[in-house]
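>>> From the sequence below, what's the structure:
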Amino acid sequence: MPSPKKFINEPSEAVSEFISGLLLQYPNKLQKLANHNVILSSSVTRNGSSNDKVCILSGGGSGHEPSHAGWIGRGMLTGAILGGIFASPSVASILAAIRAVTPDPSNGGQGKGCLLIVKNYTGDRLNFGMAAEIANGEGRNVKMVVVADDSALERSKGVTGARGVAGTVLVHKVAGAAAEKGYDLDQVVMLAQNMADGVRSLGVALNAVTIPGASVVNDRLDDETIEIGMGIHGEAGLKQSPLRTADELASVMIKTILDFGVEEGEGKNKSIVPAFNNGDDLCVLVNNLGGTSNFEMSILANSVVKQLEGDEFGKCSVSRLYVGSFMTSFDMQGASISIVSLSKSEHLCEFLDDDTDAIAWQKADVVQGERPSVMELPEVEPPQKSERNYSHVQVDDFDFDTVQRMVVAACNSLIESEPILTKYDTIVGDGDCGMTMERGAKEILARLDSNELGTSPAPFFESLAVAVSASMGGTSGILLEICFLKMSTFLNAQKSINSESIKVAFAQGVEAISFYGGATAGSRTMLDALIPAVEAMKEGKNFDDAAKAATKGAQLTAAMTSASAGRSNYLSQESLSGTPDPGAIAVGLVLSAIQKAR
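Alright, predicted model coming up:
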């Protein structure tokens, strides 16, 4: 069994080092409370927080980042108490945090009180509860809201109740916004409880969590099994299942949340009702459990919203969508969704939307009605071929019959040389150069036969670019397309064209390959054949000399033991030595064939 790979030093120091790293990232926003793993807003002073606002504290075991320290800031948490890895913080640390943010009553301090937001785990409830009782005994006004939003476990299963998971973050947001508005403690508690009562969550794990310091990777889930409802500490969930599509998982998660429901009424009138109703306005949080790519998260978010707004779940509207990492479980590959009906709790909208400078919060892009983003901007149509006018260019010395003969010779040379080009590229590349060149050559010959190649220089090179684009693909294809298109553009800008103009156009095309591709002579690419040919032409030498220069340059690449471009760049000196660059060889073959056909 392989050992887990983690960026850590000593596991026993991991939480302390995490805190140190966080403080380095936010030197003006966060501070640590001496002697405790407690992070506080920089607004907290030695005399406690501002006396005119309720203070909001939360916390729990480490390993759920950005929860909870990521929610510290104006309009969310005043501070967070960090326990060990997946372990509740101590009573002493929780009490120290409460004392730090509330004025000392023994010195006449008066404040608006402190709210503790606690996830529903036995250790958290007991430790935060004990600290609250001690603080209240000191005259500090402290209250506690417990969040139990997980829909994975049956309501009848024991007395512990549902677990507190990612929906807790929305409780932080509502409570923090209410406190920022100046609401008193009872009002803040009521609003926080409203959100806690209304939000429901469910997670799916593709792979289980492996904590820092573990000696082996957690392989509880095999390659073909996922777990629906796994907890944020890796606790057992609702059921295990074969892997399903994003749409299928979204449907299972939504239905489970809907059926788990929320409580309405009090006492004998209390009942369980669906978590949301047909047509409701919803707030949805799609949470990365730690090891899921952003790419997959957007796919899952799309599945969730598509189904909530579809027929299966009553055509609800998702006005607020949050996607990202909110409450993770180290490297657990998985995701959870949290849903709250804003139609049932419309008064919570303003608190979700209020600004906060909490370091990890991203404000929802609120939408009412149809989303502007679903309306695609029409594509600008390319100019019609008939619109391109070449009549202004006077052409001298361009015999298309000769050009046709040279094209046929060059293409046949590439087709015949496919095996040797493939052989070279298998050694120093990815093995497709010969087949790529062959495809391009056959496409050009087909277009020549069907009279699709232009009969004067500018349209001729443009049609070569189109043929290459339609057939070759890969790096060689786009580079040759750039070369031919540059030649066409240059020639179309001339008043008259002769053989010298075409030489200059060739040089322009080669320069474009170098500019856009980033390589030059000595990079072990086709430019090691193209550039010597251009230089020969600039020196006034004939085409035969240019073709020989290209062939020689191509052959010299066999002695180059390093490459600075292309796939050869990844290979060792031993792998490259003795094998020429196939792209350069192809250029030499083409120019030699053209020379023989002149």
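>>> start to end distance for stretch 352-364?
Terminal residues of stretch 352-364 are spaced 8 Å apart (C-alpha to C-alpha, to the nearest Å).
>>> That stretch - what's its average pLDDT?
Averaging pLDDT along stretch 352-364 yields 96.
>>> And stretch 103-120, by the same measure?
The pLDDT scores in stretch 103-120 average 90.
>>> Strands along the stretch 101-250 of the chain, start to end?
Using DSSP state E, counting those that start in this stretch, the strands of the stretch 101-250 of the chain run over 114-119, 142-147, 200-207, 225-228, 239-242.
>>> how about the ones you listed in TSV, adding mean neighbour count and distance to K32?
C-betas here are computed from N, CA, C, even on glycine. TSV is the format used below for the strands of the stretch 101-250 of the chain (neighbours: other C-beta atoms under 10 Å; distance: least, C-beta to C-beta, whole Å):
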stretch	mean neighbour count	distance to K32
strand 114-119	28	19
strand 142-147	22	22
strand 200-207	27	30
strand 225-228	20	36
strand 239-242	12	41
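>>> just for the stretch 401-550 of the chain, where's the confidence low?
Scanning the stretch 401-550 of the chain for pLDDT under 70 picks out nothing.
>>> hey, where'd the helices end up in it?
For the stretch 401-550 of the chain, the helices defined by DSSP state H, counting those that start in this stretch occupy 418-428, 433-449, 457-471, 474-492, 499-517, 527-538, 543-556.
>>> Run through the helices of the stretch 201-350 of the chain in chain order.
Under DSSP H, counting those that start in this stretch, the stretch 201-350 of the chain gives helices at 246-260, 294-308, 349-353.
>>> right, so the ones you listed: which one is the most enclosed?
Comparing these by mean neighbour count (mean count of other C-beta atoms under 10 Å), helix 246-260 ranks first with a mean of 19.
>>> what's the closest of the strands of the stretch 101-250 of the chain to P4?
strand 200-207 (11.9 Å; C-beta to C-beta).
>>> hmm, back to that, can the strands of the stretch 101-250 of the chain go into CSV with extra columns for distance to L445?
As requested, the strands of the stretch 101-250 of the chain are arranged in CSV below (distance: least, C-beta to C-beta, whole Å):
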stretch, distance to L445
strand 114-119, 70
strand 142-147, 70
strand 200-207, 50
strand 225-228, 52
strand 239-242, 51
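>>> Could you point out which of the ones you listed sits nearest K503?
Across the strands of the stretch 101-250 of the chain, closest to K503 is strand 200-207 (C-beta to C-beta), at 59.7 Å.
>>> So R99 sits against I134, correct?
No - at 9.6 Å, R99 and I134 do not qualify as touching, with contact defined as C-beta atoms under 8 Å.
>>> and for these two, which residues touch both?
Common contacts of R99 and I134 (C-beta atoms under 8 Å, 6 or more residues apart in numbering): none found.
>>> if we can go back for a sec, closest to A584 out of the strands of the stretch 101-250 of the chain?
strand 200-207 (46.0 Å).
>>> about what we covered before: and the strands of the stretch 101-250 of the chain: which comes nearest S523?
Taking those one by one with C-beta to C-beta, strand 200-207 is closest: 41.9 Å.
>>> Also compute the angle for that closest one relative to helix 246-260, please.
140 degrees (axes from the mean of the first three to the mean of the last three C-alpha atoms, to 10 degrees).
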